[in-house]
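**Student:** coords please:
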Amino acid sequence: MSADLRKRLASGEWATGDVLPTTRELAEVGASHSRRLERGSCGEVACNVTGMAGAAGMADWRDVELGAPEIARLGTARLSAARVAMLGTLRQDGSPRISPIEPYIVNGRLLVGAMRWSAKAADLRRDPRYALNSIVTGPDSGEGELKLHGIAAEADSGLRGDAAEAWWSAQPPDNAIVYVLLIGQALFVAWDIERGGMAVHRWSARDGYSYTTRTYP
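**Tutor:** Okay, the predicted model is just below:
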């Protein structure tokens, strides 16, 4: 990864044509960014941990399993039941795009795939930030909602191959791109329709786990 791309990755400034960094490269930048935070100075790079921030504060699904097992349990159940989720990306003009995707949890990583020519793949090449929301089938279904946001990094060939049941396994490697969804925040909203209540489970690597309840509506 070039020094210029490393700087723009950490500051959230992406350009059309940038090559999406690998998970290892994101982790290297994230570790460097975290060390600057500990020293209280980020030098030339903006200290925006809540934004993309070069993977600083980002986590894998296995980290959610360890830090917030209830979110991982409920979230896995929703993703497994529906087999489809909605992925939000950013268009070139900054407006949002939402697309259906098929998520897979493999070796503690949350994976999604896209055809290389697709609009959402082009979005993620320009700006790897994403938002994911599990499917809700009706206004009064009572189905919980898994909500994630973070950055997407291209999966290596080994991890891609471990998802043997995924749709991209039947595609030539050049046709489909597979992403690891690194997680900045994981949230699960559980609904109690009969009692008119909602419970919110929230977790991030930076802030840990929290649980709140409130009446609804």
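**Student:** so Gly108 sits against Ala59, correct?
**Tutor:** No. Using C-beta atoms under 8 Å, Gly108 makes no contact with Ala59, being 10.4 Å away. C-beta: built from backbone N, CA, C; applies to glycine.
**Student:** quick one: the helices in this protein, in order.
**Tutor:** 3-11, 23-39, 61-67, 69-82, 119-126, 157-162 (DSSP state H).
**Student:** can you count the residues close to Glu143?
**Tutor:** Residue crowding around Glu143 was assessed by other C-beta atoms under 10 Å; the count is 18.
**Student:** tell me the pLDDT of the spatially closest residue to it that is not a sequence neighbour.
**Tutor:** Distances taken as C-beta to C-beta, 6 or more residues apart in numbering place Val136 nearest to Glu143, at 5.3 Å, with adjacent residues excluded. Per-residue confidence at Val136 stands at 93 (pLDDT).
**Student:** from Ala190, how far out is Val136?
**Tutor:** 12 Å (C-beta to C-beta, to the nearest Å).
**Student:** residues contacting the residue nearest to Thr213 when sequence neighbours are not counted?
**Tutor:** Of all residues not flanking Thr213 in the chain, Ala199 sits nearest, at 4.8 Å (C-beta to C-beta, 6+ apart). Going by C-beta atoms under 8 Å, 6 or more residues apart in numbering, Ala199 touches Val189, Ala190, Asp192, Tyr211, Thr212, Thr213.
**Student:** any figure for the gap between the residue nearest to the third one when sequence neighbours are not counted and Gly144?
**Tutor:** Counting by C-beta to C-beta, 6+ apart, Met198 is the residue found nearest to Asp192 once chain neighbours are left out, at 7.0 Å. Between Met198 and Gly144 the computed distance is 10 Å (C-beta to C-beta).
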